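Peer 1: Got a sequence here, can you model it:
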Amino acid sequence: MLRRVFQPGMIGRMRLPNRIVMGSMHLNLETRDDGGAAVAEFYAERARGGVGLIITGGCAVNRQGSGGRGYVVLSDPAQHDALARWATAVHAEGGRIALQLFHAGRLTSSRYTGLPPLGPSTVASRMFPDEPPVAMTTGQIEDTIADFARAAALAGELGFDAVEVMGSEGYLVNQFGSPLTNTRTDAWGGDARRRNRFALAVVAAIRDRVAGLPVLFRMSGDDLMPGSSTVDEQRAFAVELALAGVHAVNVGVGWHESRVPTVQGMVPPGTWSHYAAGVKLALAAERLAVPVITANRYTRLDQAERALAEGQADFVSMARPLLADPAIVAKARTNEPVNTCIACNEACIDRSLGDEPVSCVVNPRAGRELVFPRLTVRRARRYAVIGGGPAGMEAARALASLGNSVSLFEASSELGGQFRLARRVPGKADFGATIGYFTDELTRLGVDLRLDTPITTANLALIEQTDGVVLATGVTPRELDLPGADLPHVVRYPRAFREPESLGERVVIIGGGGIAVDLAHLLGHVPSPLDARTRFLVDHGLTEGPAPAPPSRSLTILRRQGRIGTGMGRSTRWAAVDALRRQGTELLSGVRCEAITPDGVCVTDETGTRRLIPADSVVVAIGQEPRATLLPLLANTGLPLQLVGGSASATGLNATRAFEDGLRAAHTLGR
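Peer 2: Purely as a prediction, here's the structure:
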């Protein structure tokens, strides 16, 4: 029962209907030439879905503080009408919205802004090592503080209900607070109190300019950067913020430059809640009744309920879960199926780091609400979807949601396609939740699910009377053309995922893409007596505990060229590869496989040296080919036909494209 989640709460003068906050997400849609329409509809749908408060993506208080080409610059009047449209759209749905005030500091480039990046000191970032920031003068500091205050006043004028100061994740305000990036010896640097002076001056300037507007402050519970501010210093800083007049502190964790994963699927949900709990205790000790928001790695409302029930926070911030399902809050009241965020980062965080519009793998309609509106067709038609993997599931869901009659034919006994393999990987259990959601949602929408029903010449009549077909039969593993590839200890990756216990103690994986990395995580996983959260913290040196037991297998990944994990998302690959190294997996790139023998794999490395890598089992994971054997049969029917996912092409195939193909095919056929 979600009693605490649905309890109303106050932030300053702002009354919220529940305790769920949609955290800030940059969408790369904010400056699109559409008058703010796409972002307005994106936020309106989340407000309609019942979230208590929406915090916008970061909006730069001046041009020099912009984090990229797609950022709103609040000092540019040409962007103000679009911002007002966002607020109006949210209010029309009965929601509340806060504008996040942002300055990138050293985490930007002149390539984006046309101006040199600024920072408290001349300390280059890992993200832009060739462009260290210019150390701000006292005048520039004072001007920037004034820009924050002007931006807050503008937010009130444009109709926003509150503002949030971005003071975490290693952006400018956080940079002033850290000894790693603030090496100043004047009044703006030195000990923790003087380093925090900039943040407190920003808050004071905002409060002076707009006394009644609620001010949230996004602070860092722990930068997760060796040598940065201590946790005790951050808690003391929270007290200073409360005394300065902020109306809520939103506790984040980690810098973008940190080598500790914070938002990836391998991070157990609720891992970072103790930082918010520590801030809440510090405020309580000073009798300061300022609400605390806990953030990062909450995927379900029952996790939020637990954090609230245990007194770790007063509100819970959920960002990506509201990409996956904008109605997650409302659905909790009606018991409708919820589309769970799988923390893959592929269509959200990874895109936000570039210029591509943000969306969601499992909900490709996110950010495209105007492109794929929720319409009901005037005349319902009958469609067949062949294949129940990601592309097929989404095609069937979208066709049915448009008001059509849909039959989905799946050859196996369960939906999910390759998600059935992915859910076995440590940290990817929520891929199974996606299968559960689509199974439930398709049933709710009245889709005729025909499991264990492959389409063949014998039963082609099942689809001949429909108005169109979506072919979504997916992919098949690419065969290895190598001497010894037919030996009995050589297996294809699907079997290795399904039957890991059948493999020997020495395993060589040929192929170094994302599938190989996932498989190595599965094969090298060692059960632990520790709970998942504690084990994660121990593994990353954030708490004390026993060292993990060594893997029971020796694992080697072989890749002919390129980096291990090439093709994985930017924000996930490094963390996944680091985890493999910690578990002792040998990662070899630049090797050419010559032959497989009963004793292992013969390879030649970049120096021309030949050697045998011993193996009891060899797994082939070198890519995929389309499984489109039905295409000639379907073409002869004359029915309108859409090929999606692997059936269309295996080149560059990932879950993002598969789900997106399914949505697009449904709207092409079914409108």
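Peer 1: Listing request: residues of the stretch 201-350 of the chain with sub-threshold pLDDT.
Peer 2: By pLDDT under 70, the stretch 201-350 of the chain contains no weakly predicted segment.
Peer 1: show me where it has strands.
Peer 2: Listed in chain order, the strands of the stretch 201-350 of the chain (DSSP state E, counting those that start in this stretch) span 215-220, 248-252, 292-294, 315-317.
Peer 1: Reformat those as CSV; add mean neighbour count and distance to residue 261.
Peer 2: Just so you know, the C-beta spots here come from the backbone N, C-alpha and C atoms, and that holds for glycine as well. What follows is the strands of the stretch 201-350 of the chain, written out as CSV (neighbours: other Cβ atoms under 10 Å; distance: least, Cβ to Cβ, whole Å):
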stretch, mean neighbour count, distance to residue 261
strand 215-220, 28, 16
strand 248-252, 29, 14
strand 292-294, 28, 18
strand 315-317, 26, 18
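Peer 1: Tell me which of those approaches residue 189 most closely.
Peer 2: Taking Cβ to Cβ, strand 215-220 is the member of the strands of the stretch 201-350 of the chain nearest to residue 189, at 17.5 Å.
Peer 1: Model confidence for the nearest residue to residue 622 once chain neighbours are set aside, exactly?
Peer 2: With Cβ to Cβ, 6 or more residues apart in numbering as the criterion, residue 622 has its nearest non-adjacent residue at 4.1 Å, and that residue is residue 511. The model reports residue 511 with a pLDDT of 97.
Peer 1: Then residue 380?
Peer 2: Residue 380 carries a pLDDT value of 84.
Peer 1: Contacts only, for it.
Peer 2: Taking Cβ atoms under 8 Å, 6 or more residues apart in numbering, we find residue 380 in contact with 403-405.
Peer 1: Please report phi then psi for it.
Peer 2: As for residue 380, its main-chain torsions (degrees, to the nearest 10) stand at phi -60, psi 140.
Peer 1: what does the one 5 residues further on give?
Peer 2: Per-residue torsions, residue 385: phi -110, psi 120 (degrees, to the nearest 10).
Peer 1: same deal with residue 519?
Peer 2: phi -60, psi -40.
Peer 1: and what of residue 487?
Peer 2: The phi/psi pair for residue 487 (degrees, to the nearest 10) reads phi -70, psi 150.
Peer 1: how near is it to residue 595?
Peer 2: Between residue 487 and residue 595 the distance is 10 Å, computed by Cβ to Cβ, to the nearest Å.
Peer 1: What of residue 457?
Peer 2: Relative to residue 595, residue 457 is positioned 40 Å away (Cβ to Cβ).
Peer 1: ditto for residue 41
Peer 2: 57 Å.
Peer 1: And those two? Which one has more around it.
Peer 2: More neighbours surround residue 41 than the other of residue 41 and residue 595, with 20 against 14 (other Cβ atoms under 10 Å).
Peer 1: ok so, going back, could you dump the contacts of residue 380 into JSON lines and include secondary structure?
Peer 2: Output for the contacts of residue 380, formatted as JSON lines (DSSP: H, G, I helix; E, B strand; the rest coil):
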{"residue": "403", "secondary structure": "coil"}
{"residue": "404", "secondary structure": "coil"}
{"residue": "405", "secondary structure": "strand"}
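Peer 1: Among those, which one sits closest to residue 362?
Peer 2: residue 404 (21.1 Å).
Peer 1: Next, the contact list for that closest one, please.
Peer 2: Contacts of residue 404 by Cβ under 8 Å, 6+ apart are 377, 380-383, 670.
Peer 1: try it again with 6 Å
Peer 2: With Cβ atoms under 6 Å, 6 or more residues apart in numbering as the criterion, the residues that contact residue 404 are 380-381, 383, 670.
Peer 1: out of these, which are inside strands?
Peer 2: Using DSSP state E, the subset of the contacts of residue 404 located in strands is residue 383.
Peer 1: contacts for stretch 28-40?
Peer 2: With contacts defined as Cβ under 6 Å, 6+ apart, stretch 28-40 is touched by 70, 72, 82, 85-86, 89, 355, 357-358, 367, 370.
Peer 1: ugh, wrong one, stretch 50-58
Peer 2: Applying Cβ under 6 Å, 6+ apart, the contact partners of stretch 50-58 are 16-18, 20-27, 43, 46, 96-100, 102, 164, 166, 329-330.
Peer 1: now that stretch: how far from the chain's centre is it?
Peer 2: Relative to the centre of its chain, stretch 50-58 is centred 16 Å away, using Cα atoms, centre = their mean, to the nearest Å.
Peer 1: remind me which residues of the chain are low pLDDT?
Peer 2: Applying pLDDT under 70 to the chain picks out residues 376-378, 671.
Peer 1: Show me which residues of the lengthiest helix in it are buried.
Peer 2: Counting residues, the longest helix in the chain under DSSP state H turns out to be helix 138-157. By neighbour count with 16 or more other Cβ atoms under 10 Å, helix 138-157 contains the buried residues 141, 144-152, 154-156.
Peer 1: in the stretch 551-671 of the chain, which spans are helices?
Peer 2: When assigned using DSSP state H, counting those that start in this stretch, the helices of the stretch 551-671 of the chain occupy the ranges 570-582, 631-635, 655-670.
Peer 1: out of those helices, which comes closest to residue 4?
Peer 2: Ranking the helices of the stretch 551-671 of the chain by proximity to residue 4 (Cβ to Cβ) places helix 570-582 first, at 31.2 Å.
Peer 1: hmm, who's touching the closest one?
Peer 2: Residues from elsewhere that reach helix 570-582 (Cβ under 6 Å, 6+ apart): 261, 264, 345, 349-350, 353, 517, 520, 564-565.
Peer 1: Just among those, which is most surrounded?
Peer 2: With neighbours taken as other Cβ under 10 Å, the top of the contacts of helix 570-582 is residue 520, carrying 31 neighbours.
Peer 1: Quickly find the element holding that one.
Peer 2: Taking DSSP states H and E as the criterion, residue 520 maps to helix 514-524.
Peer 1: which helices and strands does that helix pack with?
Peer 2: Helices and strands touching helix 514-524, by 3 or more Cβ pairs under 6 Å, 6 or more residues apart in numbering; DSSP states H and E, are helix 493-498, strand 554-559.
Peer 1: switch to 7 Å and redo it
Peer 2: Using 3 or more Cβ pairs under 7 Å, 6 or more residues apart in numbering; DSSP states H and E, the elements in contact with helix 514-524 are helix 493-498, strand 506-510, strand 554-559, helix 570-582.
Peer 1: quick one, helices of the stretch 151-300 of the chain?
Peer 2: Counting by DSSP H, counting those that start in this stretch, the stretch 151-300 of the chain has helices at residues 172-177, 192-195, 197-209, 231-244, 273-285.
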